[in-house]
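Peer 1: structure here, sequence nowhere to be found:
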């Protein structure tokens, strides 16, 4: 059983399109994340949700909109895709940081987005 | 900006211990040290974390200096499958005591036969 699964694994699309990446975790975790890994391999947090509530929202263009229908799912919708959005996007989940002070994060396998 | 400094690359012979250093001289009292690794084309994988004391699990050992300004991840018997980028991360408190991880570029460890 995959702990954190995201779909699709690969996504090739044209500039200007709107696309979504889905993420699901079956670990019972309270907190989910979206990360972006660029071509230089920097991994940067974009959003974090705790029990469906947005708790971290980094400086990300508002073309990116996360949606959490329940605490097991955190989807990422991207409007008007640009060439610079090409990257690998990782979903992750963990227990609640605030209560525990530290928690390991489990990552999905990533979605490689290519905008042409 | 990442709050840690790691060598960009290291080599290790298969079967030997791999000792990966990390400097985090600006760490504050309530910040944890985490280690993750990323095998090529996969998502990052948690290895271990610690606050003050040394820690050990089935994957690795974490040695934190007494002043907490540096740490070392030890893979006791490296295998070819341990070839990966290893990230040392200090958790960073965010608003409302929610924490986030600030990732650097890590150390690319090559385990050689």
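Peer 2: Happy to help now that I have it. Keep in mind it's a predicted model, so treat the numbers as computed, not measured.

Peer 1: residue B:49 - nearest residue in space that isn't next to it in sequence?
Peer 2: Counting by C-beta to C-beta, 6 or more residues apart in numbering or on different chains, residue B:49 lies nearest to residue B:34, which is 4.4 Å off, once chain neighbours are set aside. Every C-beta, even on glycine, is put in place using the N, C-alpha and C of the backbone.

Peer 1: could you look up the SS state of the one you found?
Peer 2: For residue B:34, the secondary structure call by DSSP: H, G, I helix; E, B strand; the rest coil comes out as strand.

Peer 1: residues near the closest residue to residue A:80 other than its chain neighbours, how many?
Peer 2: Setting aside the residues directly before and after it, residue A:80 is nearest to residue A:63 in space (C-beta to C-beta, 6+ apart), at 5.4 Å. Taking other C-beta atoms under 10 Å in any protein chain shown as the criterion, the count of residues near residue A:63 is 13.

Peer 1: then residue B:87?
Peer 2: By other C-beta under 10 Å, 25 other residues sit near residue B:87.

Peer 1: pull out the buried residues from stretch A:14-33.
Peer 2: Along stretch A:14-33, these residues count as buried under the neighbour rule (16 or more other C-beta atoms under 10 Å in any protein chain shown): A:19, A:21-25, A:29-33.

Peer 1: what parts of chain B come near chain A?
Peer 2: B:30, B:32, B:34, B:36, B:41-46, B:49, B:51, B:85, B:87, B:91, B:94, B:96-101, B:103, B:105-106 (C-beta under 8 Å from any C-beta of the partner chain).

Peer 1: of the residues you listed, keep whichever come out buried.
Peer 2: Among the residues of chain B next to chain A, those classed as buried by neighbour count (16+ other C-beta under 10 Å) are B:32, B:34, B:36, B:43-46, B:49, B:51, B:85, B:87, B:91, B:94, B:99-101, B:103, B:106.

Peer 1: just checking, which of those belong to strands?
Peer 2: With strands taken from DSSP state E, the overlap with these comprises B:34, B:36, B:45-46, B:49, B:85, B:87, B:91, B:99-101.

Peer 1: lowest-confidence helix or strand of chain A?
Peer 2: Each helix and strand of chain A was given a mean pLDDT (mean pLDDT, DSSP states H and E); the minimum falls on helix A:97-100 at a mean of 58.
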